Each structure stands twice: as C-alpha cells, then as structure tokens.
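Visitor: this one's sequence-less:
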C-alpha cells in the first residue's frame, strides 16, 4: 500500500488538505497527517481545525512514498520555517515524490527541490519567484515533483497523485465514484 505524509501548519488551506486526504484515501493510499507545531489540533486559514496523526518530528522518510503539502499562506510559511519539513523534502526528492499546491511550492523552492516546470496559485507566482511557472495546467508533473494551482484543483491533484502511486485503474475508479467529469 502506498503511503503519503501530509504536514499541516497553522493557517493551511482546509479545502486543499481535506480534498487531498479524502481522494487519496478513497484510492487506497495510507495518508498520515503530521502537525508542525505544539499541538495535533491544527487551525486552518478559514477557522476549521484538523486533528493530525503525529508530529512532523516523528516522521521518517523511509516509511513513506510521497510528501504532499497543501497551501494557504499561513501554513506555507509555517512549513517553510520548519527545519524538519525542509530536510524531509530534500530526502524525499532524492528518490521519492514531493508535491505541493497553491502557495506551498514556495516551500519546495526554499528546500531547493522545486522542479523546472511547476504551477501554483497565480497570486503566489511572484513570491515563489522561480522560472518554469506554467499557468496552462491544473497539475504539473516534473519528474518526481508534482504541483497544482489551488483549492479548485485539489481533487484533480489528488487524482493525479493516485494515478502516480496506485495506477490509472484505481484513479479512474475513484474519479467515477465521485461523479467527476473533469480533471
């Protein structure tokens, strides 16, 4: 079974986090939510609290296939300032998959793992300040780096992750079960 760690810091974008977790779990991926900070109760940008499974400090890269980051500027800055998140991203990029959406490609850039081609929330492009930005795709895959644009693309991003981790058939089954006719 594929395993993914999704870290949350205060101010994360709830729709992105929940959509990614939901879509991946529907597809049979074991998703673990890691908190960055002092409490497993993490407050999102819009006042919704998510209870995480474990502290980021207890996460070991060799136990997972991918690390994926939801956006939201507050959460993005919290992830970017966390040394453990940065070191895990560097370790994952070496031989696994990293993903980020919305503002969170900023964290990938800070860790030095953002690919040549990427996408993000259009309003975050200037702060990320990295060549290779693509606005023509909801999801961009550049080798083992996956990125997506924002809340409205979270389900599509989750499906792209499913396709990469568990295959087209499993992804298609989830897509059909969710009655999606886009992505």
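Guide: Thanks, I have the structure now. Predicted model, so just to flag it, every value in this text is computed and none were measured. Numbers count the residues shown, from 1 in each chain.
Visitor: how far away from the center of its chain is stretch 45-55?
Guide: Centre-to-centre, stretch 45-55 and its host chain are 15 Å apart (Cα atoms, centre = their mean, to the nearest Å).
Visitor: and it, how far apart are its ends?
Guide: 20 Å (Cα to Cα, to the nearest Å).
Visitor: could I get the buried residue list for that stretch?
Guide: Neighbour-count burial for stretch 45-55 flags 45, 50, 52, 55 (criterion: 16 or more other Cβ atoms under 10 Å). C-beta coordinates here come from the backbone N, C-alpha and C atoms, glycine included.
Visitor: and what of stretch 10-27?
Guide: Buried positions in stretch 10-27, judged by neighbour count with 16+ other Cβ under 10 Å: 10-24, 26-27.
Visitor: among the residues you listed, which ones are in helices?
Guide: With helices defined by DSSP state H, the entries of those inside them are 14-24, 26.
Visitor: could you dump those residues to TSV with pLDDT and distance to residue 107?
Guide: Putting these into TSV (pLDDT from 0 to 100; distance: Cβ to Cβ, whole Å) gives the following:
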residue	pLDDT	distance to residue 107
14	98	18
15	97	18
16	98	13
17	98	14
18	98	19
19	98	19
20	98	15
21	98	18
22	98	22
23	98	21
24	98	19
26	97	26
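Visitor: can you name the two of those that are farthest apart?
Guide: Greatest spatial distance in those: 14 and 26, 18.0 Å, computed using Cβ to Cβ.
Visitor: ranges for the helices of this structure?
Guide: For the chain, helices defined by DSSP H occupy the ranges 14-26, 73-80, 83-95, 105-111, 125-128, 154-166, 168-177.
Visitor: and the contacts of the fifth one?
Guide: When contacts are taken as Cβ atoms under 8 Å, 6 or more residues apart in numbering, the neighbours of helix 125-128 outside the stretch itself are 103, 105-106, 109, 114, 120, 133.
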